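*Asks:* okay, structure incoming, though there's no sequence with it:
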């Protein structure tokens, strides 16, 4: 009787070692590859907007399509900080530099998407800021396995995320 119990436990442990841990390892590697793809796509998208001064609907749709091709669904947050030069800024006659502070106003994802769908593009100027964040909204296989075996708490945790931002370096053109 004792030998039978030990044999059953040994078979159970062998099954876990042979199937579950390799599956967890492979699913972690899949998440790593997805993480790298999303990070790269986010950096390329933001850097292109920064260096051209324009965000087009086609580029935005291509970015969303690229990160979705990892097989995950994402929540993409875009924030544009538009430089609004203070109209009350004083200038001296000898020096035409501005004295005072420049203010920024923000456009968030819903406003950006609405403007892109209406106009097809958003032109930015030198000094504007852009920030893009993408987080997966679905649970990956790796997350499901970890939650099952390790009893990790929280459904709001995300495994794949990328964030990139920067300052626009050129003035965008208004030509579509």
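*Replies:* Now that the structure is in, tell me what you want to look at. Note that the structure is predicted; figures quoted are calculated from it, not measured.

*Asks:* excluding chain neighbours, what is closest to residue 48?
*Replies:* Spatial nearest neighbour of residue 48, excluding adjacent residues (Cβ to Cβ, 6 or more residues apart in numbering): residue 59 at 6.6 Å. (Each C-beta comes from the backbone N, C-alpha and C, glycine too.)

*Asks:* on the three-state scheme, that neighbour is what?
*Replies:* helix (DSSP: H, G, I helix; E, B strand; the rest coil).

*Asks:* so what's the residue count around residue 38?
*Replies:* For residue 38, the count of nearby residues is 23 (other Cβ atoms under 10 Å).

*Asks:* that one and residue 70 touch, don't they?
*Replies:* Yes - counting by Cβ atoms under 8 Å, residue 38 does reach residue 70; the two are 6.4 Å apart.

*Asks:* what is in contact with those two at once?
*Replies:* Shared contacts of residue 38 and residue 70 (Cβ atoms under 8 Å, 6 or more residues apart in numbering): residue 160.

*Asks:* re the thing from before, any idea how far residue 25 is from the residue nearest to residue 48?
*Replies:* Here residue 59 is placed at a distance of 36 Å from residue 25 (Cβ to Cβ, to the nearest Å).

*Asks:* ok, now residue 169?
*Replies:* Distance, residue 169 to residue 25, using Cβ to Cβ: 42 Å.

*Asks:* between those two, tell me which one has more neighbours.
*Replies:* Between residue 169 and residue 25, counted using other Cβ under 10 Å, the more crowded position is residue 169 (14 against 11).

*Asks:* and that one, how far from residue 78?
*Replies:* Separation of residue 169 from residue 78 (Cβ to Cβ): 18 Å.

*Asks:* ok, the longest strand along the chain: who's next to it in the sheet?
*Replies:* Ranked by residue count under DSSP state E, the longest strand found in the chain is strand 74-84. Its sheet considered, strand 74-84 pairs with strand 103-107 (antiparallel), strand 129-136 (antiparallel) by DSSP bridges.

*Asks:* residues making contact with the shortest one?
*Replies:* The contact list for strand 103-107, computed with Cβ under 8 Å, 6+ apart, reads 79, 80, 81, 82, 83, 84, 85, 86, 115, 129.

*Asks:* same check, this time on stretch 61-73
*Replies:* Looking at what lies outside stretch 61-73 - Cβ under 8 Å, 6+ apart - the contacts are 33-34, 37-38, 41-42, 45, 74, 76, 134, 136-138, 140, 160.

*Asks:* among those, which one sits closest to residue 173?
*Replies:* Nearest to residue 173 among the contacts of stretch 61-73: residue 45, at 18.7 Å, using Cβ to Cβ.
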